[in-house]
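**Student:** take this sequence and fold it.
(one chain, ligands or ions: 1)
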Amino acid sequence: MSCQKSALKTAPADLLEMPPCNFTPQEYKGMSKERMMEIRRTNCHPMTMKVTYYKKPVYIHQGHMQWLWDVDGKRYLDLFAGVATVSVGHCHKVTAAAEQQLRTLVHTTNIYVYPPIHEYCEKLASNLPDPLKVIYLTNSGSEANDLAMCMARLYTRNFDIITFQQAYKYPVAIGLGCTNTMCPDVFRGPWGGSHCRDSPVQTTRKCNCAQSCVANEHYIEQLKETFLTSVPSRIAAFFAEPIQGVGGAVQYPKHFLKEAYKLVRERGGLCIADEVQTGFGRTGSHFWGFQGHDVLPDIVTLAKGIGNGFPMGAVVTTRIADTFAQGVHFNTFGGNPLACSIASSTIKEEGLQQNSLEVGTYLMMELAKLRDKYDIIGDVRGKGLQIGVEMVRDKQASRVPLPPEDMAAIFEDIKDMGILVGKGGLYGQQTFRIKPPMCITMADAAFFLSVFNKSIQCFMEKR
Ligand SMILES: Cc1ncc(COP(=O)(O)O)c(C=O)c1O
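**Tutor:** Next up is the predicted model:
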């Protein structure tokens with residue numbers, strides 16, 4: 001679909017101009033687009049080709065704050081931030097920190113004592129509540145999560161880990177020892193209502209809950225059922241993101257995590273919060289997503305936004321770590337001087353958490369108006385700049401997901417109008433994900449809203 005003005009039967013809603021940017025990117029003089037695609041098809045793993053998002057791919061050359069430029073010099077508003085990873089702005093802070101560290105010391109091993117790792121661990125610990133003060137640095141979120149599971153099993157001497165449904169499956173066994181329980185998704189799940197979640201926008205489902213949330217009670221029953229039927233009486237851990245990321249910004253009922261943590265601890269398990277996407281102020285109301293649920297995890301895993309794009313991860317825990325130190329575990333690059341200097345430079349950029357709150361709330365409130373206007377926008381949810389817009393065939397009739405080809409058409413159209421967003425969710429990628437660098441402005445948000453409105457309007461007319 002090409003959503004040109006001429007394709008519309010009626011005049012498009014006001015389409016705003018892209019906000020100005022006073023940065024001039026360098027002229028691109030590198031490899032041709034055709035050559036890059038040829039190498040991608042021939043020499044990169046087929047998964048790389050599979051995740052090439054667009055029919056007409058975007059060839060990125062340069063980034064500055066919330067902006068990206070392609071090799072032809074076209075500017076994009078980046079609302080996906082390399083999957084919620086560029087936290088404070090493209091090349092912001094990290095470039096200067098990296099330049100300085102690259103001239104001093106790029107790598108050594110943490111067998112030796114060097115300042116950047118200690119400076120960073122002290123800073124990170126000072127941003128976490130007691131007793132979460134013991135840090136192990138890794139290079140990615142996957143490493144951090146693997147390590148967290150290993151630590152939980154060593155500490156509890158139990159094996160089973162509870163996670164949520166929503167992951168993709170291969171035809172072979174993976175995730176040994178992990179049991180999926182029902183994801184308490186108040187939009188798509190069997191229960192949900194109009195007060196369930198901690199978001200400026202609720203679902204359009206109805207409920208009459210007065211004191212307690214009935215949907216929450218049902219989902220907690222499901223968790224109890226899992227304990228009763230699917231795992232031994234003692235477990236190692238419960239693993240949950242405060243807001244599901246790749247799953248499509250799915251939010252649970254407000255008290256779900258608090259009650260789940262209690263049930264897990266009664267069975268000897270540790271509670272692990274995956275803050276890989278929700279950490280570092282993105283949810284607006286708090287610096288960490290778990291604080292929005294009023295819980296205190298035993299282990300927190302971090303990555304993505306931690307290095308504003310530089311590969312890094314962390315496991316933060318308590319003296320639980322002492323059991324782990326009885327053996328020997330070594331990570332060559334984890335806590336390397338370059339990563340630590342970069343992470344130190346971005347950890348708490350002034351005003352960005354508040355900006356996430358303000359711009360994110362504005363975006364969600366305005367998106368909710370579009371949801372009320374268009375039947376294919378099923379749900380708008382999230383907190384701060386961790387936003388999901390779930391698309392359906394027709395929300396008056398059902399919550400059947402909008403087919404992938406329709407999602408792809410709208411997605412391509414938004415991109416052609418100069419905005420990059422993400423996609424997620426289990427059923428054919430039915431949720432648009434908006435997780436920009438936290439420096440975006442109200443004007444950027446208004447520009448996105450006008451583009452999104454026009455894309456949906458165009459889609460509806462062509463349907
Ligand atoms: C919530 C969450 N945890 C962990 C990971 C894995 O992180 P990494 O890709 O750095 O290994 C991801 C990646 O998308 C994620 O979204």
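**Student:** what does this protein have sitting close to the ligand?
**Tutor:** 83, 140-142, 145, 241, 245-246, 274, 276-277, 303, 313 (C-beta under 6 Å from any ligand atom). C-beta here means a position set from N, CA and C on the backbone, and glycine is covered the same way.
**Student:** closest one of those to the ligand?
**Tutor:** Using C-beta to the nearest ligand atom, residue 141 comes nearest to the ligand of the residues of the chain next to the ligand, at 2.4 Å.
**Student:** check which element follows the helix or strand of the chain with the lowest mean pLDDT along the chain.
**Tutor:** In the chain, the helix or strand scored least confidently by mean pLDDT, DSSP states H and E is helix 46-50, which has a mean of 85. Next along the chain after helix 46-50, taking DSSP states H and E as the criterion, comes strand 60-64.
**Student:** what packs against that following strand?
**Tutor:** Where contact means 3 or more C-beta pairs under 8 Å, 6 or more residues apart in numbering; DSSP states H and E, strand 60-64 is packed against strand 67-70.
**Student:** can you tell me the element the nearest residue to residue 347 once chain neighbours are set aside falls in?
**Tutor:** Sequence neighbours aside, residue 123 is the residue nearest to residue 347 in space, at 5.4 Å (criterion: C-beta to C-beta, 6 or more residues apart in numbering). In this assignment (DSSP H and E), residue 123 forms part of helix 115-126.
**Student:** mean confidence score for the next helix or strand after that helix?
**Tutor:** On the C-terminal side of helix 115-126, the nearest following helix or strand under DSSP H and E is strand 134-138. Mean per-residue pLDDT for strand 134-138: 97.
**Student:** which strands or helices does strand 134-138 pack on?
**Tutor:** Packing partners of strand 134-138 (3+ C-beta pairs under 8 Å, 6+ apart): helix 115-126, helix 141-156, strand 313-317, helix 321-324.
**Student:** redo these as CSV? Include mean neighbour count and mean pLDDT.
**Tutor:** Below are those laid out as CSV (neighbours: other C-beta atoms under 10 Å; pLDDT from 0 to 100):
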stretch, mean neighbour count, mean pLDDT
helix 115-126, 17, 97
helix 141-156, 21, 97
strand 313-317, 26, 98
helix 321-324, 16, 92
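**Student:** look at residue 10 and report its pLDDT.
**Tutor:** Residue 10 is given a pLDDT of 50.
**Student:** dump the residue contacts of residue 268.
**Tutor:** By C-beta atoms under 8 Å, 6 or more residues apart in numbering, the contact list for residue 268 reads 156, 158, 234, 235.
**Student:** chain neighbours aside, what residue packs nearest to it?
**Tutor:** If the residues on either side of it in the chain are set aside, residue 268 comes closest to residue 234, at 4.4 Å by C-beta to C-beta, 6+ apart.
**Student:** what number of residues lie near that neighbour?
**Tutor:** Residue 234 is flanked by 13 other residues according to other C-beta atoms under 10 Å.
**Student:** ok, it - contacts?
**Tutor:** Counted by C-beta under 8 Å, 6+ apart, residue 234 has contacts 156, 158, 267, 268, 269.
**Student:** and the second one, how many neighbours does it have?
**Tutor:** When neighbours are counted by other C-beta under 10 Å, residue 158 registers 20.
**Student:** try the last one
**Tutor:** Number of residues near residue 269 (other C-beta under 10 Å) recorded here: 25.
**Student:** hang on, isn't it packed against residue 231?
**Tutor:** No. At 9.4 Å, residue 269 does not count as touching residue 231 under the criterion of C-beta atoms under 8 Å.
**Student:** before we move on, back to that, secondary structure added to the contacts of residue 268, as TSV?
**Tutor:** Formatted as TSV, the contacts of residue 268 follow (DSSP: H, G, I helix; E, B strand; the rest coil):
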residue	secondary structure
156	helix
158	coil
234	coil
235	coil
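**Student:** let me know the closest of those residues to the ligand.
**Tutor:** For the contacts of residue 268, the nearest to the ligand is residue 235 (20.3 Å; C-beta to the nearest ligand atom).
**Student:** so what's residue 110 up against?
**Tutor:** For residue 110, the contacting residues are 117, 334, 335, by C-beta under 8 Å, 6+ apart.
**Student:** try 6 Å
**Tutor:** Neighbour list for residue 110: residue 335 [criterion: C-beta atoms under 6 Å, 6 or more residues apart in numbering].
**Student:** got a list of what residue 321 touches?
**Tutor:** Listed by C-beta under 6 Å, 6+ apart, the contact set of residue 321 reads residue 134.
**Student:** which two from the contacts of residue 234 end up farthest apart in space?
**Tutor:** 156 and 267 (9.6 Å; C-beta to C-beta).
**Student:** can you give me the helices in the chain?
**Tutor:** Secondary structure of the chain (DSSP state H): helices located at 33-43, 46-50, 81-84, 94-104, 115-126, 141-156, 214-229, 256-266, 321-324, 337-346, 352-373, 404-416, 442-462.
**Student:** how close does the closest residue to residue 97 other than its chain neighbours sit to residue 182?
**Tutor:** The shortest distance from residue 97 to any non-neighbouring residue, by C-beta to C-beta, 6+ apart, is to residue 345 (3.6 Å). Using C-beta to C-beta, to the nearest Å, we find residue 345 at a distance of 41 Å from residue 182.
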